[in-house]
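*Asks:* with the input below, show me the fold.
(2 chains)
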Amino acid sequence: MHLYALPLVFALAGLALYTVLGGADFGAGFWQLVAGPGDEGDEIREHAHHAMAPVWEANHVWLIFVLTVVWTAYPTAFGSIASTLSIPLFVAGLGIVLRGGAYALRAGTASAREQRGVDTIFAVSSVLTPFALGTAIGGIASGRVHVGNPGGSLVSSWLNPTSIAVGLLATASAAYAAAVFLSGDAERHGNRRLAERFRRRALGAGVVAGAVACAGLAVIRFDAHRLFTHLVAGAGLPAVLVSLAAGVATLALVTRRRYELARYSAALAVAATIAGWALAQQPVFIDGLTIRAAAAGHDTQVAVVVAVLAGGVLLFPSLVLLLRLTLVGHLVYGSPETAVESRSLRPDVRGGYLAAALLVAGIGFLTVADVPWAHAVGVVALLGFVAAGFHASVAPASD
Amino acid sequence: MPGAAPPRARTLELEVILAAALAPAQQRYLLQARQMQALSFAVHIPLVCFGIALPAMLLYVEWLYLRSGDELYRTLARRWTRILVALFAAGVVTGTILSFEMGLLWPNFTGTFGGVFGLGFAVEGFSFFMEAIFIGIYVYGWSRLSPRWHFASGIPIAIAGFTGSLMVISVNAWMNHPSGFRLVDDKAVDVRPVHALFGNSYLWHELIHMYLAGYIVAGFVLAAPYAVCRLRGRFGRYERTALAVPLAAATLASVAQIFVGDWNGREVATTQPVKLAAFEGLGKTTKGAAVHILGWYSHGRVEWGIPIPRLLSLLAFHSTHATVQGLDAVGPADQPPVNVVRFAFQTMVGIGTLLAVLSIVALVVRVRHKRLPESAWFYRAIVAAAPLSVVALVAGWVVTEVGRQPWVVYHVMRTSQAVTGASGIPVGYAALAAVYLCLAAGVAWVLGRLARAPLEGPSAPQPAVGEHA
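*Replies:* Numbers count the residues shown, from 1 in each chain, chains lettered A, B, ... in the order given. Below is the predicted model:
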C-alpha cells in the first residue's frame, strides 16, 4: 500500500466503526420511533435509551475523526465534497444537534408527556441523519461530485437513485445492528421477554436490510455502472461476498439466540459493505480526481499517519475499557456503595504564601521583563499562582 | 520499486494537483456565512469553558472526598457530574456542527490549507474521543468503580479538555500567524504541518488567555446559582462549599488574566499591528499614541472618546515615546471593520476589569478575614458576573476573529476567497439559528431542573421549601 492511500484506509475504518457503533445508536432511535404506544412501547424506549446512554458520545466522535482525517489528508476532495453535498451534510449536522440536544434534555424530563416529546425529536433525527449521510455517500459513489466549489449539482448530487438506495440501506442496517445489540443487552439484563421482542425486530430488519442491499445493487447497475461492474466482477467482489455471508450468518445466529456472536457478524457485514464500496471505486476518489492526486503533501501524510497511530495506542485500550464496562453491565446510573473512611482536612496556610510569591514572580517575568524565556517563566508562575491559591482559598471557606 | 514514479509521471501528477486547486466562488451571502460561523462559535465556546474547567473542579471536590471521607463532597461531585454530562452532550453536537461548517461554509479554506492545519483538528478529534470515553466511564461508574478508580477515571477527562483546546487554538494561531508552507498558484506546497501548528510563537499567549477564560467563565457561571441561594437565605455548608470552589477558580484566574491579557496585547502589537490599530481605533501611525475609552471610530479617528495620552505606546511597547502603527499602514480593502472590533475589545477589557475588581475584593476578604464576603452586594455581583463573563469571552473571540478580517489566513487568503459557492446560506443560517435557539432554551430548562432535582445522599439539600417566599 502507498503512503498516500493510508490515511484514506484509516478514514474508511473510522467510517466502518461509525456505521456500526454510531449506526446502532441511530437504530436505537429508530426503534424508539416505531415502539408503538402503551407500556410495551415505553419499555422499548427506555431500554433503547439506557443501553446507548454511556456510549453514544464516543460513538459519534468517529464521524469527527473521519472528517478531520479526510480534510487534512485529501483537502481538495474534501472541499469539493463539502460544497457540493452541502444540503445532506447540513441536514445530517442539524440531525446530530437535535439528537444530542434530546439526550441532554431527557435527563430533565419529569412527566411521561415531556419524555415522549423529547423522545420523538430524538427518534425522528435518528432516522433522518443516517439517511442524509447515506445520500451523501451515494453521491460520491455514483460519481456525481466533481472537483470544484461546488463541483456538481447541489440537488441531483444527492437526490438520485444511488443516493436514495444508500440512504435507505444506511437506515435499514442501522436499525438491524441496533436490534441485534439491544436483544443481546436485554438478554444480559435477564429480561427474556424484551430480548425476544428485539429478536423479532432484528430478524425483520435483517431481511429488510438484505432486500434493500440487493435492490441497491440493481439500482446502481443502471445508475452507476462502473461501480456496479467493479462490485460484482472486480476488486469489490470478495468484500461483497463476505458481507453477504456475514449478513446471512447474523440472521442464523439471531434465530438461534446467539446474540454475542451475532453482534460481531453484524459488524462484519457492515464493514465489508464499506470495504466493497472502497475497493470497487478506487483509484477514483471523486469524479476526475484520483486518490493519489487528491493526497496532500508527503509531510502531511506522514504526520497524519503518526498522529492516528499514536492516538490509536491511547484510544483503543480506553474504548475497549468503556465497551467492556458497558457490555458487562457495569455502567449504570446509580448510587455509590463503598465509602471512604472519615478524616479531617487541615487548612492550607503555606499555599497562600506560595500563591502570593508566584503572583509577584509572574507579574515580574511576564509584564516587566520583555524576552520570550521570561514570558514562559512568567506564565508558568501565574498558572502556579492560580493552582496554589486554589486549595488555600477553598479549604477554610467550606468548614 | 513500485512506489517511485518516473520523473515525467511526477510532473504530470503535479499538473493534475495544480489543476485540482479549487477556484474562489462568487458568493452573495459572505456576510451571512460569517455570521453563521460566528453564531456556531459563540454557542460552542462557552461550552468549551466547561470542558476545560469543570473536570478539574469536579476532580478537586472528589479528591477532597477521598481525603476526608466527608459525604458532602461526594454529593457535590455527583451533582456536578450531571451538569458535566448535559453540557458535554451540548458541546459534542455543537462541535460537530463546527467541523461540518469548516467544509460547508469554507471549502476553499479547507481545500487549500487542510493539509497544513488539519492535523490540529485530527489530534483534537482524539482528545474529544478520550473525553467522551472517560466521561462515559466516570458518569456511569459512580456505583461500580472503587472510589480511587473512579477518581482516576476522571483524570483523562481533564487532560483531554486541555489538549483539545491546545489543538484548536494551534489552528487559530496559525490562521493569525501562518507559516509552514509556500503558496504556488493558489496551492500550498512544501507543507510542514507540525512546524505550522506547534512551532508558532503566536500559539502560547492565545492558549493561556483562553485557558484562564475557561476557568473564569465556568467558575462564575457555576458559582452564580449558589450565590442566588445565599441571597435567598439558604446557605448551609453544602452551598458554601459549592460556591467556594468555582469562586476560587474564577477569582484567581481573573487576577492572572489581567497580566496575560496585557501580554496578548503586546504580542498582537508586534505580529498584527493592523489588528491592534483596530482595537484602539488608531487611524494614523502615531508616536506616543493615546488610548481612548468609549467613543466611536469615524474618519480615521475616535470621536467622543476619553483619551489617556501615551498609554497605548506604553502598553504596547513599554515606552511612552514608541511609535504605534495605524490603520493607514494598509489600504481600506485590507482593514477590518474597526467599530465592531473596537466595541468588542472595549467590552472584553471593561468586563475583564470589573471581574478582576470583584475578584480582588473576594481575595482580600479571604486573606484578611479567612471567610467569604458577607455583603449581599457581593453575591449580586457574582450573579451578574456569570452572564458578563460569557459576554466577555465571546467579545474576545470577536476581537481576534473579526480583527483578522478581511483575511481568513492572515495576509494569505481572504475570507471572500474561502467561502463556498453553494447557494442557500441564508436558509441554512436561519435553520441553524432556530435550532440553536431551541437548544439554548432546552439546556437552560434542563439545568434548572437538575439544580432543583433531589439527589439521594445524606448531605443533599432538600428541595427548598418556601424558596419563593
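*Asks:* who's in contact with stretch B:281-299?
*Replies:* Stretch B:281-299 has contacts (C-beta atoms under 8 Å, 6 or more residues apart in numbering or on different chains) with B:276-277, B:280, B:300-313, B:315-316, B:320-329, B:338-339, B:342, B:346. Every residue, glycine included, has its C-beta placed from N, CA and C.
*Asks:* of these, grab the buried ones for PyMOL.
*Replies:* The PyMOL command for the buried members of those (criterion: 16 or more other C-beta atoms under 10 Å in any protein chain shown) is given here:
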select buried, chain B and resi 276+277+280+302+305+310+311+312+313+315+316+322+324+325+326+327+338+342+346
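*Asks:* for B:Pro337, see how far away the spatially closest residue to B:Ile308 that is not a sequence neighbour is.
*Replies:* Nearest non-adjacent residue to B:Ile308, counting by C-beta to C-beta, 6 or more residues apart in numbering or on different chains: B:Val291, 4.8 Å away. As judged by C-beta to C-beta, to the nearest Å, B:Val291 and B:Pro337 stand 20 Å apart.
*Asks:* likewise A:Pro7?
*Replies:* Distance from A:Pro7 to B:Pro337, by C-beta to C-beta: 38 Å.
*Asks:* higher neighbour count, these two?
*Replies:* Neighbour count, other C-beta atoms under 10 Å in any protein chain shown: between A:Pro7 and B:Pro337, A:Pro7 has more, with 26 against 14.
*Asks:* biggest helix in the chain by residues?
*Replies:* Went with chain A since none was named. Scanning chain A for the helix with the most residues, using DSSP state H, yields helix A:192-223.
*Asks:* look at chain B instead
*Replies:* helix B:30-68.
*Asks:* off-centre distance for the strand or helix carrying B:Arg230?
*Replies:* Secondary structure from DSSP states H and E places B:Arg230 in helix B:202-231. The gap between where helix B:202-231 is centred and where its chain is centred comes out at 10 Å by C-alpha atoms, centre = their mean, to the nearest Å.
*Asks:* same thing with stretch B:194-205?
*Replies:* Centre-to-centre, stretch B:194-205 and its host chain are 17 Å apart (C-alpha atoms, centre = their mean).
*Asks:* how about the helices in chain B?
*Replies:* Secondary structure of chain B, counting by DSSP H: helices at B:7-20, B:30-68, B:71-104, B:107-140, B:147-176, B:193-198, B:202-231, B:237-271, B:273-280, B:311-317, B:338-369, B:376-402, B:415-418, B:425-452.
*Asks:* close enough to count as contact, B:Gly326 and B:Leu276?
*Replies:* No: counting by C-beta atoms under 8 Å, B:Gly326 does not reach B:Leu276; the two are 9.7 Å apart.
*Asks:* any idea how far B:Val324 is from the residue nearest to B:Ile308?
*Replies:* As defined by C-beta to C-beta, B:Val291 lies at a distance of 10 Å from B:Val324.
*Asks:* quick check: neighbours shared by the two?
*Replies:* Joint contacts of B:Val291 and B:Val324 (C-beta under 8 Å, 6+ apart) are B:Glu280, B:Leu312.
*Asks:* before we move on, the earlier item: okay, the angle between the helix holding B:Arg230 and helix B:425-452?
*Replies:* If you take axes from the mean of the first three to the mean of the last three C-alpha atoms, to 10 degrees, helix B:202-231 sits at 50 degrees to helix B:425-452.
*Asks:* could you list the buried residues of helix B:202-231?
*Replies:* B:202-230.
*Asks:* who's sitting farthest from the centroid in chain A?
*Replies:* Using C-alpha atoms, centre = their mean, the residue of chain A lying farthest from its centre is A:Val368. It sits 48.8 Å away.
*Asks:* so what pLDDT did that one get?
*Replies:* pLDDT for A:Val368: 83.
*Asks:* do B:Tyr211 as well
*Replies:* If you check B:Tyr211, the pLDDT there is 93.
*Asks:* surely it and B:Ile52 touch.
*Replies:* Yes: counting by C-beta under 8 Å, B:Ile52 is a contact partner of B:Tyr211 at 6.3 Å.
*Asks:* quick one: common contacting residues for those two?
*Replies:* The contact lists of B:Tyr211 and B:Ile52 share B:Phe162, B:Ser165, where a contact means C-beta under 8 Å, 6+ apart.
*Asks:* low pLDDT regions in chain A?
*Replies:* Within chain A, the stretches with pLDDT under 70 are A:327-349, A:395-399.
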